[in-house]
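Student: Make a model of this:
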Amino acid sequence: MKDVAVWGSSTIVAPIIDVLSNLRLVECLNDNIPCGQVEGKFKQWPVTGTSDKIKHLLCANNMHFVLTAMTMKNKRAVWNKMMPFDIPLDRFINVIHPSAVFYEEYCYIGTGVVMAPLVQLSPGAVIGDNCILYANSFVGHDSILGRCVVVANNASIGGYINIERGVHIGSNASIRERITIGEFSVVGMGSVVLKDVPPNTIVAGNPAQKIGETE
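Tutor: Numbers count the residues shown, from 1 in each chain. You can find the predicted model right below:
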């Protein structure tokens, strides 16, 4: 049994951890909810501290980490905050629902990856460290997700796509094959992406067009 500390929203990963017999959620770190308050509407988890507690928890050999703190608006800020903690990659833990569909011999999955129910990966997919894939999302063959990419529910990523670090793909978005999404960009929900997206860019619509820039 491995102890898990979640930095960010525990409600994302707690239901998945509940069905995994080898993991136990023991620390919920949140920089936006005061220590002692709880997360969750039904089953609840108390917040045990902020990210400042990470350095202390690294001293516990059995403690492993999951990062869920990156939202659409704060990805670069959280990235810059995470790097100085220097959490070794082997201290991150994968939290993958049993219903996720992929062939281990045909894909690469990094560390600290979260996969919700019914995620599907095609052969040749590369999932970088600390990525989060929500329910029913799909990653096509030979596509690459960089570190800390979030793919929301029902999003569909075609083949030979390169998604750089810190990108957020909104729910029900579709990305055609052989597209590059630049780092820390955001693809709005329901968007259809037919061409490359520059770094730090927000796109939305069908076809997707630039509507702003990320911080």
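
Student: next SSE after the lowest-mean-pLDDT helix or strand in the chain?
Tutor: One helix or strand of the chain scores below all others by mean pLDDT, DSSP states H and E: helix 75-82, with a mean of 85. Downstream of helix 75-82, the first helix or strand assigned by DSSP states H and E is strand 95-96.

Student: centre of the chain versus the least confident helix or strand of the chain, how much separation?
Tutor: 13 Å (C-alpha atoms, centre = their mean, to the nearest Å).

Student: so how far is Gly190 from Ile144?
Tutor: Distance, Ile144 to Gly190, using C-beta to C-beta, to the nearest Å: 23 Å. Quick note: C-beta positions are derived from backbone N, CA and C, even for glycine.

Student: Kindly report the same for Asn30.
Tutor: 29 Å.

Student: so what's the residue nearest to the spatial centre of the chain up against?
Tutor: Nearest to the geometric centre of the chain sits Ile132, at 2.2 Å (C-alpha atoms, centre = their mean). Residues counted as contacts of Ile132 (C-beta atoms under 8 Å, 6 or more residues apart in numbering) are Ile12, Thr68, Met70, Val113, Val114, Val149, Val150, Val151.

Student: Can you list the buried residues in the least confident helix or strand of the chain?
Tutor: By 16 or more other C-beta atoms under 10 Å, the buried positions in helix 75-82 come out as Lys75, Arg76, Val78, Trp79, Met82.

Student: same thing with stretch 82-99?
Tutor: Those would be Met82, Ile87, Arg91, Phe92, Ile93, Asn94, Val95, Ile96, His97, for stretch 82-99 by 16+ other C-beta under 10 Å.

Student: who's more crowded, Asn30 and Gly190?
Tutor: Applying other C-beta atoms under 10 Å to Asn30 and Gly190 shows that Asn30 carries more neighbours, namely 22 against 16.

Student: my read: the more buried one touches Gly8, true?
Tutor: Yes - assessed by C-beta atoms under 8 Å, Asn30 is found in contact with Gly8 at 6.8 Å.

Student: Are there residues contacting both of the two? Which ones?
Tutor: What both Asn30 and Gly8 touch, as defined by C-beta under 8 Å, 6+ apart, is the set Ala69.

Student: which residues pair with the residue nearest to the centre of the chain across the strands?
Tutor: Val114, Val150 (DSSP bridges).

Student: so what pLDDT did it get?
Tutor: Looking at Ile132, its pLDDT is 96.

Student: and what of Ala60?
Tutor: 85.

Student: And it, which helix or strand is it part of?
Tutor: Applying DSSP H and E, one finds Ala60 in no helix or strand.
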